[in-house]
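Asks: Take this sequence and fold it.
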Amino acid sequence: QVTLVESGGGLVQAGGSLRLSCVASNGNFRQYVVGWFRQSPEKEREFVMSVTESGNYRYSADSVKGRFTILRDNAKMTLYLQMNNLTSEDTAVYYCAAGKKFGTRSVGDYDYWGQGTQVTVSS
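Replies: The predicted structure is shown next:
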């Protein structure tokens, strides 16, 4: 069982940056692939980025390549999402998730989820 708590969301102007954090507890964080998903109103939850247990390999959705960076600090049991050059299309609730499979975009392949943090980008 892993508990995940996101923070760092907020309101930002288009072109701006935000850094999201996700702190894990009650589990062995370093044994899980972790990633970020997002969901905007009336849309399905979509994959953003993920990183392997060691942090050595990353997988990204095309829509965020070159703008978002995913990092993990296993000693702090924390996952980060650095988001740069934000656009209104990035407005969504962002969720961190933990699972055992890398290279997948499927919501069903992740076992544990945080409660989400809202990111709103104004144009």
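Asks: Contacts only, for the spatially most central residue of the chain.
Replies: By Cα atoms, centre = their mean, the chain has its centre lying nearest to Trp36, at 2.2 Å. Trp36 makes contacts with 20, 22, 48-50, 70, 79, 81, 94-97, as judged by Cβ atoms under 8 Å, 6 or more residues apart in numbering. Every C-beta, even on glycine, is put in place using the N, C-alpha and C of the backbone.
Asks: Could you single out the nearest of the residues you listed to Val119?
Replies: The shortest distance between Val119 and any of those, using Cβ to Cβ, involves Tyr94 and amounts to 5.5 Å.
Asks: Which residue, neighbours along the chain excluded, lies closest to the residue nearest to the centre of the chain?
Replies: Computed as Cβ to Cβ, 6 or more residues apart in numbering, the closest residue to Trp36 that is not its neighbour in sequence is Val48, at 4.2 Å.
Asks: Can I take it that that neighbour is in a strand?
Replies: Yes: with DSSP: H, G, I helix; E, B strand; the rest coil as the criterion, Val48 is located in a strand.
Asks: Settle this for me: it is touching Leu81, isn't it.
Replies: Yes: with contact defined as Cβ atoms under 8 Å, Val48 counts as touching Leu81 (7.2 Å).
Asks: Pull up the overlap in contacts between those two.
Replies: When contacts are counted by Cβ under 8 Å, 6+ apart, the set common to Val48 and Leu81 consists of 36, 68, 94.
Asks: Looking at those, which are in strands?
Replies: Taking DSSP state E as the definition of strands, these contribute 36, 68, 94.
Asks: would a markdown table of the contacts of Trp36 with distance to Asp109, pLDDT and neighbour count be doable?
Replies: Converted to a markdown table, the contacts of Trp36 look like this (distance: Cβ to Cβ, whole Å; pLDDT from 0 to 100; neighbours: other Cβ atoms under 10 Å):
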| residue | distance to Asp109 | pLDDT | neighbour count |
| --- | --- | --- | --- |
| Leu20 | 21 | 98 | 24 |
| Cys22 | 17 | 98 | 26 |
| Val48 | 14 | 98 | 25 |
| Met49 | 14 | 98 | 21 |
| Ser50 | 10 | 98 | 29 |
| Ile70 | 16 | 98 | 22 |
| Leu79 | 16 | 98 | 30 |
| Leu81 | 19 | 98 | 25 |
| Tyr94 | 18 | 98 | 23 |
| Tyr95 | 14 | 98 | 23 |
| Cys96 | 14 | 98 | 30 |
| Ala97 | 9 | 98 | 24 |
